[in-house]
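Chemist: Got a predicted model here, sequence first, then my questions.
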Amino acid sequence: MELPKRKNNRLKDYDYSSAGVYFITICSKDRKPVFSKIVGDGDHDVPRIFLYRYGEIIEKNLECMNRVYDYIKIDKYVIMPNHIHVLMSVYNSGMSKSPSPTNETIPSFVSTFKRFVNKEALKIFFSVHITTILYVMNAII
């Protein structure tokens, strides 16, 4: 299966290894709306975001990330139905050892964040799944 070509969304002459403010978007697998639901009661009602369980896990881990990294600060974030936006300030240079023009802090943040979220989400999934299997087995016996 051939993957679609991704366009380069980086500025040509910008030094991504420098400290600064970065806007990050992380999408759900297949862009399924599993994080939240946008709700409102009418035309004059301001839309609100209702977090599903996975959205609550994301929010908890975003709040935690400010304690994990002392050289970043998550300034703002929004958890949409199928993606999240994070506005993050990076306070160190985080020079990357690879030829990639990215600040190593950002890939490290995204990797750690995804790992924490997935670990907690899998615990919930397997807990519910195993409980269901045990319930079905008890019903059969």
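Modeler: Received the coordinates, thanks. Numbering: from 1, shown residues only.

Chemist: Show me where the protein has its strands.
Modeler: 20-27, 36-39, 48-51, 72-79, 83-90 (DSSP state E).

Chemist: Highest mean neighbour count out of those?
Modeler: Stretch with highest mean neighbour count among those: strand 83-90 (a mean of 18; mean count of other CB atoms under 10 Å). Quick note: C-beta positions are derived from backbone N, CA and C, even for glycine.

Chemist: Next, the angle from it to strand 72-79.
Modeler: Taking axes from the mean of the first three to the mean of the last three CA atoms, to 10 degrees, one finds strand 83-90 and strand 72-79 inclined to each other by 160 degrees.

Chemist: Partner strands of strand 83-90 and their direction?
Modeler: Applying DSSP bridges, strand 83-90 is found paired with strand 20-27 (antiparallel), strand 72-79 (antiparallel).

Chemist: worst average pLDDT in the ones you listed?
Modeler: Mean pLDDT is lowest for strand 20-27 out of those, coming in at a mean of 89.

Chemist: Can you pull out the low-pLDDT segments for this protein?
Modeler: Along the chain, the parts satisfying pLDDT under 70 run over 1, 15-17, 41-45, 92-103, 125-141.

Chemist: List the contacts of the most centrally placed residue in the chain.
Modeler: In the chain, the centroid-proximal residue (CA atoms, centre = their mean) is I26; its distance is 5.1 Å. By CB atoms under 8 Å, 6 or more residues apart in numbering, I26 lies in contact with H83, I84, V86, V110, F113, K114.

Chemist: And the helices in this structure?
Modeler: 53-68, 105-140 (DSSP state H).
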